[in-house]
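> Structural data only, the sequence is not supplied:
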């Protein structure tokens, strides 16, 4: 098995991720202040619900993963905290930010001071962080963008700057999914690691699918705002049931697994997410057929409402029809690009073909320059609480490996 790689590109993306995190916090505060000043209290309440709900969900995952890993902490930032202090930080919604700080610390050691044995640790830490970002993306960023688009559509004001902001937000969501995909790529053997073009295609079809889905939801919410919550609850219950029937095995406790299935239902409301190992062609086809039919319904209801009972402004029925068809066509175009990706750029591997397999948790002796060297690849739960692993220990993230098995098998 090869060793996990952490390139200069990963270092740059880590710093960019931190910068975008701070920018996102500033934009969220600015949006809340703007709603308050304009006395849009309903929109403010919905925005705060997204922000606080997403933050609480991410903190719960972060805390559970610490407990699953026997509170293993390798960075100085995390190790400086005791268990009660770490728990208190998560209660105050600050736990994940220390994860970010730990990744920046270990990345700096790898990229600036050239500490070679920090490479596996950096990959290990970024794996969890990429999953937390994905959860935050679909529990906060995606619903927030739907809210913003709904407000814009209800006001009937569409200028180039607004369009650019919406495209930028959708691109940030697709980029988060692509970063998650890049994190899974670290489990691929070196000879099968994907090129930049595959990531570009992956980003593009996710951008098209996610954008069209969010636009369809915003169109529906702009004319029937009260029914969008009913639509979400009904779809989420169906998707949650599907996740339960899929018999997922991601978390290490029964309650944690139910939380994960509920989160999968939330992600599926916006975008497909592979959660089980093996061939998922028919499940993916069924999912996209359901979403496509749902989008036809949402756009059709928007057209009917704009024709029968328009809001303060009126769009000609022909223009509304073209808009609805365009949104659905955008989704179909994304599906075509997805087929191209899976046809030409997606490697199919079994469990043994991925790095960090179960056998990697065992110690084995190798010969290095005429002397015996003990090399140990293990999971975090094998490391005593709060202790830093030896320099010859290479860690792999078993949670993300399960997701890699689902995605590449």
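Perfect, I can see it now. Just so it is clear, the structure is predicted and the values come from calculations on it, not from any experiment. Numbers count the residues shown, from 1 in each chain.
> Show me the shaky parts of the stretch 101-250 of the chain.
Residues of the stretch 101-250 of the chain meeting the criterion pLDDT under 70: 108-120, 122, 158-162, 189-195.
> Count the neighbours of residue 62 for me.
By other Cβ atoms under 10 Å, the residues close to residue 62 number 22. Using the backbone N, CA and C atoms, a C-beta is placed for each residue, glycine as well.
> try residue 241
Neighbour count for residue 241, taken as other Cβ under 10 Å: 12.
> Okay, it and residue 234: tell me how far apart.
Here residue 241 is placed at a distance of 11 Å from residue 234 (Cβ to Cβ, to the nearest Å).
> now do residue 25
For residue 25, the distance to residue 234 - Cβ to Cβ - is 33 Å.
> do residue 56 as well
Counting by Cβ to Cβ, the gap from residue 56 to residue 234 is 24 Å.
> In terms of neighbours, single out the busier of these two.
Using other Cβ under 10 Å, the more surrounded residue of residue 56 and residue 234 is residue 56, with 13 against 10.
> show me the residues around that one that make contact.
residue 93 (Cβ atoms under 8 Å, 6 or more residues apart in numbering).
> What residues of whatever helix or strand it lives in count as buried?
Assigned by DSSP states H and E, residue 56 belongs to helix 41-68. Applying a neighbour-count criterion of 16 or more other Cβ atoms under 10 Å, one finds 43-44, 46-47, 50-51, 54-55, 57-66, 68 buried in helix 41-68.
> One more: stretch 214-227?
For stretch 214-227, by 16+ other Cβ under 10 Å, it's 214, 215, 216, 217, 218, 219, 220, 221, 222, 223.
> Next: stretch 165-176.
Neighbour-count burial for stretch 165-176, counted by 16+ other Cβ under 10 Å, picks out 166, 169, 170, 171, 173, 174, 175, 176.
> Could you export those to TSV, including columns for secondary structure?
Shown next, in TSV, are the buried residues of stretch 165-176 (DSSP: H, G, I helix; E, B strand; the rest coil):
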residue	secondary structure
166	helix
169	helix
170	helix
171	helix
173	helix
174	helix
175	helix
176	helix
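> middle-most residue in this structure, spatially?
Centroid-nearest residue in the chain, with Cα atoms, centre = their mean: residue 134, separated by 1.5 Å.
> which non-adjacent residue is nearest that one?
Setting aside the residues directly before and after it, residue 134 is nearest to residue 180 in space (Cβ to Cβ, 6 or more residues apart in numbering), at 4.6 Å.
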